[in-house]
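**Student:** sequence and predicted structure, then a few things I'm wondering about:
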Amino acid sequence: MSPRLDKLYTELGKAGMDAVALNPGPTLTYLSGLRFHLMERPVVMLFAPHQMPAIVLPELELQKVKQLPYPVRVFTYGESPSTWDEAFRKAAQALDLDGKQVGVEPRAMRLLEFRHIKMGAPEADFPDASAALAALRICKDAGEIVRMRRAVRIAQEGLEATLPLIKVGMTEKEIANELVTQLLRFGSEPEMPFSPIVSSGPNSANPHASPTDRQLQEGDLLVVDWGAVYEGYISDLTRTFAVGEVAEEYQKIHRIVQEANVAGRAAGKPGAPCADVDKAARRVIEDAGYGIYFTHRTGHGIGMEGHEDPYMRGDNLQLLEPGMAFTVEPGIYLPDRNGVRIEDNMIVTETGVESLSDMPREIRVVG
């Protein structure tokens with residue numbers, strides 16, 4: 001059996017769960033190596049200690065099962081939805097799930113799959129298994145870190161190739177499209193971890209802005225939040241640029257955010273609470289008088305997902321451990337004016353913390 005499955009069953013036991021049901025997503029891929037797209041045909045894999053895992057999937061996906069690193073019981077169905085419940089019923093019976101505690105991931109499990117699982121095990125309870133499953137992936141092994149490092153390098157190379165092409169008058173959408181092209185050219189998988197955020201001027205004061213048809217203007221700040229994917233692992237970075245000459249206050253807030261980024265990165269040591277990372281970065285911005293303009297947490301975990309455990313929030317007392325990966329991304333957002341964010345990807349080591357990203361953080365002029 002796979003070491004990852006051994007750890008899964010240990011975590012399920014600690015949580016008092018008899019099994020877990022997973023539909024397509026990072027956790028299923030982590031445990032099986034299989035990748036499925038969420039679609040109108042349900043796919044679910046069932047894991048229970050001391051039993052062979054079971055998978056329910058459409059006949060057209062059957063060839064993927066050959067890629068599994070361990071034996072499973074396979075239950076397929078045809079195109080007619082009238083046959084789906086029977087496949088799920090047989091799978092649930094094979095693992096004796098009725099009346100048991102079957103964990104699910106609420107953020108991932110759709111009602112479509114859940115209804116069929118419930119039909120197969122009508123007396124089962126379905127508790128939230130998020131914490132148990134997060135414990136599997138929260139500390140990255142050496143192979144995972146290699147992939148994350150490569151994803152960071154691809155992202156940095158892609159943006160560096162894009163920057164010389166940026167000119168006053170280009171739209172945010174045009175820059176985003178060019179960036180995606182460069183990321184693919186440098187080796188990112190086609191499915192990006194998220195659509196790049198390219199926001200300029202007043203739009204840059206919105207932390208999660210989407211690229212628009214706004215044209216770059218002299219004096220804008222330009223926030224680029226982007227990432228790449230390599231063998232299923234992602235990067236998530238942000239840099240802020242000056243379009244030509246910008247006002248002194250905008251240069252000032254960039255310096256403050258840069259200092260906050262340094263402080264946050266330095267705080268992420270093994271044994272430190274996640275809250276310390278947030279507090280260290282936030283203190284710099286608050287001391288400079290811009291605390292009310294830093295409107296989000298300092299960072300989040302990163303790996304197979306853009307947002308996963310652990311979270312760098314001021315109230316999160318979870319202790320950092322070697323192998324944990326997270327972002328440090330303080331920001332200052334002046335409504336209707338300009339915004340700044342600087343984001344790096346960190347990995348906790350045995351003795352400290354390392355930034356996987358090293359792209360210059362100083363303000364750089366484009367356009």
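**Tutor:** Received, thanks.
**Student:** can you tell me the SS state at the residue most central in space within the chain?
**Tutor:** The centre of the chain sits closest to G306, judged by C-alpha atoms, centre = their mean, with a distance of 1.3 Å. Put simply, G306 is coil when judged by DSSP: H, G, I helix; E, B strand; the rest coil.
**Student:** nearest residue to it in space, please, no chain neighbours.
**Tutor:** Closest residue in space to G306, ignoring its immediate chain neighbours: P193 at 5.0 Å, by C-beta to C-beta, 6 or more residues apart in numbering. C-betas here are computed from N, CA, C, even on glycine.
**Student:** now do the phi/psi pair for that neighbour.
**Tutor:** Recorded main-chain torsions at P193 are phi -70, psi -30, according to degrees, to the nearest 10.
**Student:** my guess is it meets S235, correct?
**Tutor:** Yes. Using C-beta atoms under 8 Å, P193 is in contact with S235, at 7.4 Å.
**Student:** between those two, which has more neighbouring residues?
**Tutor:** S235 (31 against 22; other C-beta atoms under 10 Å).
**Student:** what's the pLDDT at the more buried one?
**Tutor:** Predicted confidence (pLDDT) at S235: the value is 98.
**Student:** residues contacting it?
**Tutor:** Taking C-beta atoms under 8 Å, 6 or more residues apart in numbering as the criterion, S235 is in contact with 148, 151-152, 154-155, 193, 227-229, 302, 345, 356-357.
**Student:** pLDDT at the closest residue to N316 other than its chain neighbours, what is it?
**Tutor:** Across the structure, with C-beta to C-beta, 6+ apart as the measure, the residue nearest N316 apart from its sequence neighbours is C274 (4.1 Å). Taken from the predicted model, the pLDDT recorded for C274 is 98.
**Student:** try M1
**Tutor:** Checking the pLDDT column for M1, the value is 63.
**Student:** so how far is N316 from P322?
**Tutor:** Distance check for P322 against N316: by C-beta to C-beta, to the nearest Å, it reads 18 Å.
**Student:** with A92 instead?
**Tutor:** Shown here: A92 relative to N316, a distance of 36 Å by C-beta to C-beta.
**Student:** neighbour count: those two, which is higher?
**Tutor:** Each of A92 and N316 has its neighbours counted (other C-beta under 10 Å); A92 has more, 28 against 17.
**Student:** separation between the closest residue to I55 other than its chain neighbours and T29?
**Tutor:** Nearest in space to I55, with sequence neighbours left out and distances taken as C-beta to C-beta, 6+ apart, is M45 at 4.6 Å. Separation of M45 from T29 (C-beta to C-beta) stands at 10 Å.
**Student:** neighbour count: those two, which is higher?
**Tutor:** Remark: of M45 and T29, M45 carries more neighbours, 23 against 15, as counted by other C-beta under 10 Å.
**Student:** what residue ranges in the chain are flagged as low confidence?
**Tutor:** For the chain, applying pLDDT under 70 flags the ranges 1.
**Student:** coming back round to it: which neighbours do P193 and S235 have in common?
**Tutor:** G227, A228, V229.
**Student:** give me the neighbour count for the second one.
**Tutor:** Number of residues near A228 (other C-beta under 10 Å) recorded here: 29.
**Student:** nearest residue to N261 other than its sequence neighbours?
**Tutor:** Counting by C-beta to C-beta, 6+ apart, I342 is the residue found nearest to N261 once chain neighbours are left out, at 4.5 Å.
**Student:** my guess is that neighbour contacts T238. True?
**Tutor:** Yes. Counting by C-beta under 8 Å, I342 does reach T238; the two are 6.1 Å apart.
**Student:** overlap in contacts of the two?
**Tutor:** Shared contacts of I342 and T238, defined by C-beta under 8 Å, 6+ apart, are found at E329.
**Student:** correct me, but Y311 touches I302?
**Tutor:** No. Taking contacts as C-beta under 8 Å, Y311 lies outside contact range of I302: 10.8 Å.
**Student:** quick one: which of those two has more around it?
**Tutor:** When Y311 is set against I302 and neighbours are counted by other C-beta under 10 Å, the residue ahead is I302, at 27 against 20.
**Student:** can you report how many residues neighbour the residue lying closest to that one once chain neighbours are set aside?
**Tutor:** Once flanking residues are discounted, I302 sits nearest to A325: 5.1 Å by C-beta to C-beta, 6+ apart. Number of residues near A325 (other C-beta under 10 Å) recorded here: 23.
**Student:** tell me the secondary structure at A325.
**Tutor:** With three-state DSSP as the basis, the three-state label of A325 is strand.
**Student:** identify the spatial nearest neighbour of T349, chain neighbours not counted.
**Tutor:** Nearest in space to T349, with sequence neighbours left out and distances taken as C-beta to C-beta, 6+ apart, is P322 at 5.9 Å.
**Student:** surely the one you found touches C139?
**Tutor:** Yes. With contact defined as C-beta under 8 Å, P322 reaches C139; the gap is 7.0 Å.
**Student:** quick one: the strands in the stretch 101-250 of the chain, in order.
**Tutor:** Under the criterion DSSP state E, counting those that start in this stretch, the stretch 101-250 of the chain carries strands at the ranges 102-103, 197-200, 221-226, 229-230, 233-234, 237-243.
**Student:** can you list the ones you listed in TSV and add mean neighbour count and distance to G143?
**Tutor:** Listed next are the strands of the stretch 101-250 of the chain as TSV, based on neighbours: other C-beta atoms under 10 Å; distance: least, C-beta to C-beta, whole Å:
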stretch	mean neighbour count	distance to G143
strand 102-103	26	26
strand 197-200	27	29
strand 221-226	27	24
strand 229-230	22	12
strand 233-234	26	9
strand 237-243	23	22
